[in-house]
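Enquirer: Provided below are the primary sequence and the corresponding predicted coordinates.
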Amino acid sequence: MPDAKIIFFGADAICLPVLNYLYGLRETGPSLHALVSQPDRPSGRGKQLQANPAAAWAKEKGITLLQPEKPDADLGRWITEAGVQLSLVMAYGHFLPRVVREASVGGMFNFHGSILPAYRGASPVETALAEGDTETGVSLMQVGGAMDAGGVGDVERISIEKTDTSLSLRARLGEAVVPLLERNLAGLLDGSLSFEPQDATAVSYCRKIHKRDGALDFNQTAAQLESRVRAFTPWPGAYFEFNNTRIKGGSARVILQDADIAPGRVCSANKDGLVVSTASGVLCLHELQRPGGRMLPVGEFLRGFPISEGAELQGGTAEPLVRETL
């Protein structure tokens, strides 16, 4: 269906690779008819209105851009009247009502950043990292009334590298959407792609990440903390409190031997890193950052903000990111 119209719902930078792929089809294949995204929001110190990455892309490319506060019946009518064949969604950030889900002729389909039925919900990328997973992926799924519960048509799997943060993993998942759509676009357009129901016994949910989740809980193991440091980089940042100052930690590694001191106590602090006792093993932080400053190697950081061996760091209490029911 070379003349089919496609609309895309998305806001986050993770959408950009697939948007560029669809834009590249404009001369020979189905056309990207419009992007539906979040309204421009105040941002930065000056609180100037700023477009999200997907909306900024649409403005640059001259793609029709719709930015309703909430998707509603008016949007559904617009889609129907435009004769849209296919609606695609990724990282849009709004619940889509039935009047919008069913407005396009061929239906609506979502790219979800996990291997469903694991990690339905708001933070599959961060959760996969925080849980220490070694693999994740993007699931092409039907959009229905229940959150991320639709049938799955195909999955593109990728490995999680030891150096991945949420930023790098999100970028690679965005790239993984392209081959997933490329091999399934024809089937989506003509309705021939089959979708398998998710295994209800294997469902798990991940919640929204909050700023408080960045607080390091030294009663966790060093391996768990290292995973959380990567999961919460760049946002909300993994941090602890010392001398009434919130200090963010950058890259970290696990040292397997245990320390004979309570969790949260500093074992050593020098140019090689800030080494902290945990519930099992010790955690070595290689970079630190003060409020208003930049992330520095630990040796450089300590010259301006000393932390002594034996000092007690104040962390938080880690709240579970995963649950089996809503």
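Expert: Alright, I've got the coordinates.

Enquirer: now do the buried residues in stretch 88-99.
Expert: Using 16 or more other CB atoms under 10 Å as the test for burial, stretch 88-99 gives 88-92, 94, 96-97, 99. C-beta: built from backbone N, CA, C; applies to glycine.

Enquirer: so which of the residues you listed is the closest to residue 164?
Expert: Of all those, residue 164 sits closest to residue 91, with 18.0 Å by CB to CB.

Enquirer: how close does the closest residue to that closest one other than its chain neighbours sit to residue 155?
Expert: Nearest residue to residue 91, sequence neighbours excluded (CB to CB, 6 or more residues apart in numbering): residue 12, at 3.7 Å. Counting by CB to CB, to the nearest Å, the separation of residue 12 from residue 155 is 20 Å.

Enquirer: with residue 7 instead?
Expert: Distance from residue 7 to residue 155, counting by CB to CB: 23 Å.

Enquirer: so those two - more neighbours on which side?
Expert: Taking other CB atoms under 10 Å, residue 7 and residue 155 do not tie; residue 7 has more neighbours (25 against 17).

Enquirer: give the bridge partners for the more buried one, please.
Expert: Applying DSSP bridges to residue 7 yields these beta-bridge partners: residue 34, residue 87.

Enquirer: which pLDDT value belongs to residue 27?
Expert: With respect to pLDDT, residue 27 scores 84.

Enquirer: so where is the stretch 1-150 of the chain shaky, pLDDT-wise?
Expert: 1-2 (pLDDT under 70).

Enquirer: how's this protein carved up into domains?
Expert: What automatic domain parsing lists as the domains of the chain is 5-205, 211-304.

Enquirer: which stretches of the chain form helices?
Expert: For the chain, helices defined by DSSP state H occupy the ranges 16-24, 53-61, 73-82, 98-101, 124-130, 166-190, 222-231, 298-304.

Enquirer: neighbours around the residue nearest to residue 91, how many?
Expert: A count of nearby residues for residue 12, using other CB under 10 Å, gives 18.

Enquirer: next up, the contacts around it.
Expert: Residue 12 makes contacts with 52-54, 90-91, 93, 170, as judged by CB atoms under 8 Å, 6 or more residues apart in numbering.

Enquirer: repeat that for residue 215.
Expert: By CB under 8 Å, 6+ apart, the contact set of residue 215 is 239-240, 315-318.

Enquirer: could you single out the nearest of the residues you listed to residue 284?
Expert: Comparing the contacts of residue 215 against residue 284 with CB to CB places residue 240 closest, at 13.8 Å.

Enquirer: out of everything not next to it in sequence, what's closest to that closest one?
Expert: Using CB to CB, 6+ apart and skipping residues adjacent in sequence, the residue nearest residue 240 is residue 313, 4.4 Å away.

Enquirer: mind checking pLDDT for the residue nearest to residue 267 when sequence neighbours are not counted?
Expert: Leaving aside its chain neighbours, residue 267 sits nearest to residue 275 (4.2 Å; criterion: CB to CB, 6+ apart). What the model reports as pLDDT for residue 275 is 97.

Enquirer: list the contacts of residue 275.
Expert: Contacts of residue 275 by CB under 8 Å, 6+ apart are 255, 266-269, 282-285.

Enquirer: can you tell me which two in the contacts of residue 215 are farthest apart?
Expert: Taking CB to CB, the two most distant members of the contacts of residue 215 are 239 and 317; they sit 13.7 Å apart.

Enquirer: out of those two, which sits in the busier spot?
Expert: Neighbour count, other CB under 10 Å: between residue 239 and residue 317, residue 239 has more, with 24 against 9.

Enquirer: quick one: contacts for that one?
Expert: Each residue near residue 239 by CB under 8 Å, 6+ apart is listed here: 214-216, 246-249.

Enquirer: which parts of the stretch 151-300 of the chain are strands?
Expert: Remark: strands assigned in the stretch 151-300 of the chain by DSSP state E, counting those that start in this stretch are 152-159, 205-206, 238-242, 245-249, 252-255, 266-270, 273-277, 282-285, 287-289, 296-297.
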